[in-house]
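Q: With the input below, show me the fold.
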Amino acid sequence: MKELTDSVYAFADLRQGKYLYVDKTEYVWKLVRSYKGLYFLSRPRRFGKSLTVSTLKAIFEGRKELFDGLAISKKEYDWKPYPVIHLDLNGWSFHGLKETRNSLSGLVQECAEDHHIALNATEPCEMFRELIRTLSAGEQKVVVLIDEYDKPILNNVSAPHVQDILNELKAFYSVIKAFEDTLRFVFITGVTKFCHVSLFSDLNNLTDITMRSDYATMFGYTQSELEHYFSDRIEATAQAQKVSVEELKRKLKAWYDGYCFEETSETVYNPVSIAKFFENDGKFDNYWFATGTPSFLMELAKKTDFNFEDAVSRAVPGVTFDAFEIHNIDPVTLLLQTGYLTIKSSEIRFNKRWFWLDFPNEEVAESFSTYLLNSYVGRTQREVSSFSADLATAFLEGNLNQARKVLESFFAGVPYTIHKKSEATFQSIFYAIFRLLGFNIEAESCTNDGRIDAVVQTDDHIYLFEFKLDDDDTALSQIKDKAYFK
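A: Numbering: from 1, shown residues only. Alright, predicted model coming up:
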């Protein structure tokens, strides 16, 4: 049984250290087999983007020995080495324009030193140009790999100077277009899709494979990959927990599967969650979410008065998946690209495809709801858990008086400075509460005479809710007058 790791992302280290590696080189071969390729792909964090970039680097350095026994070793490929410019924006500071420029310069300088090149230029764009020009001397083709290209934007998404950083990145990445004739391969990846509109308008020859069906399962583990590569661990864990293998697999699927990156494609498991699950002796916990919290998402949601439940209760058009401008960000698009929402189903309406969205799995649903409450009401995770237990008990027992007391106490503790006083804010908090409890909640439930704001069902009870800000008498009258109970 090969050793697991959730902290080693260099392909050479994985192979030389004999760690477990789920073979994705069939997909990589499809990218590199052509005479030339320029690609863009976005995926949520901790899905293996850095490992893929590292794998591409090893291929273009001609390190064939690292791929013995893998799918690509059985394919036709010349293994010719090329000079590789690998720019990994992880681990660099991008808070402000000055730090962004310094970090970009540092990235190029480090890469130049790796190739034993002394640069004369001092500006990021000119340094990048000089590096490519030097490496491509004598008609040599060059490979460019950029990991986490959008980190400077995400670090400053709500900052007033974000446009300055965007302009700096746009100029920096446009260098790639200027040297297109000298490039053998380009691969740019990150979390979001600030693609051709905002950042890459000059680099309009990138092939975007983000939602291509033939690359939909390139990142993450399919069900067959999970059962093949982790079969020994699944059996050992099931035995230790005294459950059947099938029962354990069902629970693993509910907790960590569910990410869908193209409407007709198979769902995948988050690889970090699976590794940490087995490393922690089969303990079901929130592993992926714990590796980074979406503070910028919460800032955007509060800034735009975003109604979260509305996003998962109605179908959205295909344009929701498109790239967007930094000053006109749709929170639903950002939630999709960052992995907090995913495709659950789709349908054709008016000759266009529409999508139904939701949390991918229990891990994300529970974690996001907890974080949303923490962000909106300023409560710690322990306080949220304690409150949730009290409220769940009251509703399961049908004790409405106690449920009302718990809810009133919770909402009364929301600091005035934290929330915007609007129905949307309180609706988002409300829906997060019931999703956290695991109750079946339906938003905007239609009747023959209107829409009920929320219907919550337990095994023994059905609860109807109508939201009115500072006007509770009207809400109760509306429920009775429109006979929502029918």
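Q: So residue 343: helix, strand or coil?
A: strand (DSSP: H, G, I helix; E, B strand; the rest coil).
Q: Can you name the residues bridging to it?
A: residue 357 (DSSP bridges).
Q: Assign a three-state SS to residue 41, would you?
A: Quick answer, by three-state DSSP: residue 41 is strand.
Q: again, but for residue 284
A: Criterion first, three-state DSSP; result for residue 284: coil.
Q: before we move on, what about residue 110?
A: helix.
Q: What's the separation between it and residue 97?
A: 21 Å (C-beta to C-beta, to the nearest Å). C-beta coordinates here come from the backbone N, C-alpha and C atoms, glycine included.
Q: and if you look at residue 361?
A: 39 Å.
Q: and what of residue 304?
A: In terms of C-beta to C-beta, residue 304 sits 25 Å off from residue 97.
Q: remind me which residues of this structure are low pLDDT?
A: Residue ranges of the chain with pLDDT under 70: 194-203, 292-294, 323-324, 415-424, 440-452, 470-473.
Q: ranges for the strands of the stretch 51-200 of the chain?
A: Taking DSSP state E, counting those that start in this stretch, the strands of the stretch 51-200 of the chain run over residues 84-88, 142-147, 183-190.
Q: What strands line up against the first one, and which way round?
A: So the one you mean is strand 84-88. Strand pairing (DSSP bridges) places strand 84-88 next to strand 142-147 (parallel).
Q: who's in contact with the partner strand?
A: Residues from elsewhere that reach strand 142-147 (C-beta atoms under 8 Å, 6 or more residues apart in numbering): 49-50, 53, 56-57, 60, 82-90, 132, 135-136, 173, 176, 179, 182-190.
Q: circling back: quick one, which of residue 361 and residue 97 is more surrounded?
A: residue 361 (22 against 18; other C-beta atoms under 10 Å).
Q: The more buried one touches residue 258, doesn't it?
A: Yes. Using C-beta atoms under 8 Å, residue 361 is in contact with residue 258, at 4.1 Å.
Q: what about the strands of the stretch 51-200 of the chain, which gets the closest to residue 407?
A: strand 183-190 (40.3 Å; C-beta to C-beta).
Q: Tell me the helices and strands packed up against the following helix or strand past that closest one.
A: Per DSSP states H and E, strand 183-190 leads on to strand 207-208 as the next helix or strand towards the C-terminus. If you count contacts as 3 or more C-beta pairs under 8 Å, 6 or more residues apart in numbering; DSSP states H and E, strand 207-208 packs onto strand 37-42.
Q: Note down every partner strand of the strand it packs on and its orientation.
A: Applying DSSP bridges, strand 37-42 is found paired with strand 183-190 (parallel), strand 207-208 (parallel).
Q: Can you say which of the ones you listed is packed in most?
A: strand 183-190 (a mean of 23; mean count of other C-beta atoms under 10 Å).
Q: Which secondary structure element is home to residue 22?
A: Applying DSSP H and E, one finds residue 22 in no helix or strand.
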